[in-house]
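Asks: everything below, folded, please.
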Amino acid sequence: MGGAWTLQVEGGVATLTIAQPGSRANVLSREVLEELEQRVAELERLADLQGLILRSGKPGMFVAGADLRELASKHATKEAVGALIERGQTLMDRLERLPYPTVAAIEGPCLGGGLELALGFDYRLASTHPKTELGLPETKVGLIPGWGGTQRLPRVIGVALATELIAAGESLSARRAAEVGLVFDAVPPDKLLDEAHRLLLMARQNDDWQKERERKRQPVGMSEDEHRFLFAAARAQVQAKTRGHVPAPMAAVEVIARTCNRPLEQGLKIERDAFLQVVGSEISRNLIAVFFMNQRLQKDPGVADTAVQPREVRQVGVLGAGIMGSGIAGAFVRRGLPVLMLDLGPAQLEKGLSQVWQMLKGRLEAGRLSADEAAAAMGRLGTTTTLHAMYDRDLIVEAVVEDEPTKIEVFRELERIVGPDTLIASNTSTISITRMARALKHPQRFAGMHFFNPVDRMPLVEVIRGERTDDQVVVTLVAVAKRLGKTPIVVRDGPGFLVNRVLFPYLNEALLMLEEGASPRELDRAATAFGMPMGPITLQDVVGLDTSLYAGRVLQAAYPDRSVSIRILELLVGAGRLGQKTGAGFYRYTCDPKKGEDDPELERFVAQCGRPRRSFTQEEITDRLFLPMLVEATRCVGEGIVREPADVDMGLILGIGFPAWRGGILRWCDSLGADRVLAKLERYAPLGKRFEPTEQLHDLARSGGRWYPDS
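Replies: Presented below is the predicted three-dimensional model:
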């Protein structure tokens, strides 16, 4: 399919417009690059032009980057990818050598190859459209910039900031891009083209554009001391963040370190060689797969019937002003929806308001929110102690105490107050939606909307449909979650839903091994070495041992055939050791309220559990932590708790921080091979049913199949 580029000349100025047909985004695929080469050849022949403007024909969309599918394809050889990289580098060089000034007028995402294209222009001008962002996010998919991004960005905004942005894969808003010099200015969308013409006129009146080109081709000129200090700090920062699991960020740092004091031409060759070292790796393929799984979820309406449209939600009620209730209320008001938050009394509401403000203040201090936006968000938040005040809400999210009779009583009273069209959602993490719905007159309008703590930072929302939940309710809750900037996954009702159900065997096995003689540090080290953001012992201290105990009881009762009774939690909770919030749990928190210290006192509690004690290898700890998770994940697929395997993987990546570079727990299974997984499970078969493989695993092993056969 051609026709992505159009070239028009008027008044001596050429305008090159990209509008890829049949796609919401503009993506630099091989086909699009081929067509761009033709347009550049035309521009090279038009030597008497006064200037060139690059723009997008899609409002709110500049260029989203290169076509990742081409890079992730099993058929993409190193030779083919190398040719593609060289082709892109050559194109940017040809644009940079046009005999007249050039301006990229950017509105919407300008990412990856899109920004590398824009960096080939003399000037960049950005629209303040809310979707405008500029960045090189390649490291987030296990790659590095390959079309000159590691070379031109340091020369444009400085080596230190460029290294930080490239290694982290972070993007900048239009205004921030203007502050750091990545764009000449940030202007209103309706002024973008006028200002681009004005910028060309200014450029023609002096030779600054030629000086800018020359600067981008020369070494940066850092002193030896500056270089040593900057890159030592950059390497340490990357190592601390990645723990060496993902090679691309460090590879990007090394490329910049090796090339910033060399001419551009030499730097581009080094960049190309480094790109070929990371492309096609299992880590990169996994991260690209996660990117596309996330893209699918963003487009997924939540039900099979795409004709079902969401209801309009204008006003929201939140029942409960505790940690979860205030977090949910804050998420709504930050995204422009008026919220009425209810609790039992003024003291609880005052605390809830303070928590919402602290969340907004944190974003304000981080530069992610303006003072006016924070004030406007707080202005959208009202409070009440009267349930009758909820009569006019379109959606009510319940976040009261995790007690089924209490919740049911609230829902029954609520139904007498609100109209039949009001949607009611529970933020429960463990209680059956179907069972609670039986107490309602209108069960079809009731569903689960399970946010994760802390709400402000956790991207996942589980939308749980009960047996009688209406399709339109599901679609509406999915749409609302997306409006909040979250990623919703629709889950069928069942104990623990998806994430907590699969997490439970992991936590339970960790506690069992603790009772059997493994130390908290050994367990946590094995989990973080696998790639988890924190170990299972630290996680329970953070969540709260009382919360872990009560949630575990629900899941233990639901799955008694594959649960093992654990005493350690009851003993610690009984002693008032609830984790970080009380200063002691599995670890003690005396010096730092968030950093645990080994506590010899723990041994006294472990000894009371009465299990024979022994030592463990790291491999055994890793197997016992993650194999029961994997088995439970396959059960979720087999029972139809999720609609497809990718929902399990994305749920665990977004909900508990399962390492994205492994692609999710089912992709991890694929990387091992089902036959090897069965062999591992056989080793632990004497431990019980939690290590018993499902029929699906047997089928995959017999056929040599995979959860993702096309990967």
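
Asks: now Phe107: closest residue in space that isn't a chain neighbour?
Replies: In this structure residue 107 is Glu, not Phe. Nearest residue to Glu107 in three dimensions, chain neighbours excluded: Ser127, at 3.7 Å (C-beta to C-beta, 6 or more residues apart in numbering). (Glycine included, C-beta is placed from N, CA and C.)

Asks: ok, now which ones touch that neighbour?
Replies: Residues near Ser127 by C-beta atoms under 8 Å, 6 or more residues apart in numbering: 105-108, 174, 186-189, 192.

Asks: one more time with 10 Å
Replies: Ser127 makes contact with 55-56, 59-60, 62, 105-108, 110, 174, 183, 186-193, 195, according to C-beta atoms under 10 Å, 6 or more residues apart in numbering.

Asks: so which of those sit within helices?
Replies: Counting by DSSP state H, the contacts of Ser127 place 174, 192-193, 195 in helices.

Asks: where's Val290, which helix or strand?
Replies: Remark: Val290 resides in helix 282-299, with elements defined by DSSP states H and E.

Asks: per-domain residue ranges of the chain.
Replies: According to automatic domain parsing, the chain comprises the domains 5-280, 316-492, 500-703.

Asks: which stretch among these comes nearest Gln298?
Replies: Each of these has some distance to Gln298 by C-beta to C-beta; the shortest is domain 316-492, at 6.9 Å.

Asks: what helices or strands is the strand or helix carrying Leu201 leaning on?
Replies: Taking DSSP H and E as the criterion, Leu201 maps to helix 192-204. Counting contacts by 3 or more C-beta pairs under 10 Å, 6 or more residues apart in numbering; DSSP states H and E, the secondary-structure elements packed against helix 192-204 are strand 13-18, strand 51-56, strand 102-106, strand 123-127, strand 185-187, helix 208-217.

Asks: can you tell me the closest non-neighbouring residue to Met449?
Replies: Nearest residue to Met449 in three dimensions, chain neighbours excluded: Ala425, at 3.8 Å (C-beta to C-beta, 6+ apart).

Asks: these two touch, right, the one you found and Val478?
Replies: No. Counting by C-beta atoms under 10 Å, no contact exists between Ala425 and Val478, whose distance comes to 11.5 Å.

Asks: the helix-or-strand element of the chain with minimal mean pLDDT: how far from the chain's middle?
Replies: Across the helices and strands of the chain, mean confidence by mean pLDDT, DSSP states H and E is lowest for helix 68-72: a mean of 83. Averaging C-alpha positions (C-alpha atoms, centre = their mean, to the nearest Å) puts helix 68-72 20 Å from its chain's average.

Asks: and the contacts of that helix?
Replies: Judged by C-beta under 10 Å, 6+ apart, the contacts made with helix 68-72 from elsewhere in the structure are 27-31, 76, 80-81, 84-85, 112-113, 138, 141-143, 146, 275, 279-280, 284-289, 291-292, 295, 711.

Asks: redo the helices and strands packed on helix 192-204 as CSV? Include mean pLDDT and distance to Leu387.
Replies: Output for these, formatted as CSV (pLDDT from 0 to 100; distance: least, C-beta to C-beta, whole Å):
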stretch, mean pLDDT, distance to Leu387
strand 13-18, 97, 54
strand 51-56, 98, 50
strand 102-106, 98, 49
strand 123-127, 98, 46
strand 185-187, 97, 46
helix 208-217, 91, 64
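
Asks: so can I have a markdown table of those showing distance to Leu95?
Replies: What follows is the helices and strands packed on helix 192-204, written out as a markdown table (distance: least, C-beta to C-beta, whole Å):
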| stretch | distance to Leu95 |
| --- | --- |
| strand 13-18 | 9 |
| strand 51-56 | 8 |
| strand 102-106 | 7 |
| strand 123-127 | 13 |
| strand 185-187 | 21 |
| helix 208-217 | 11 |
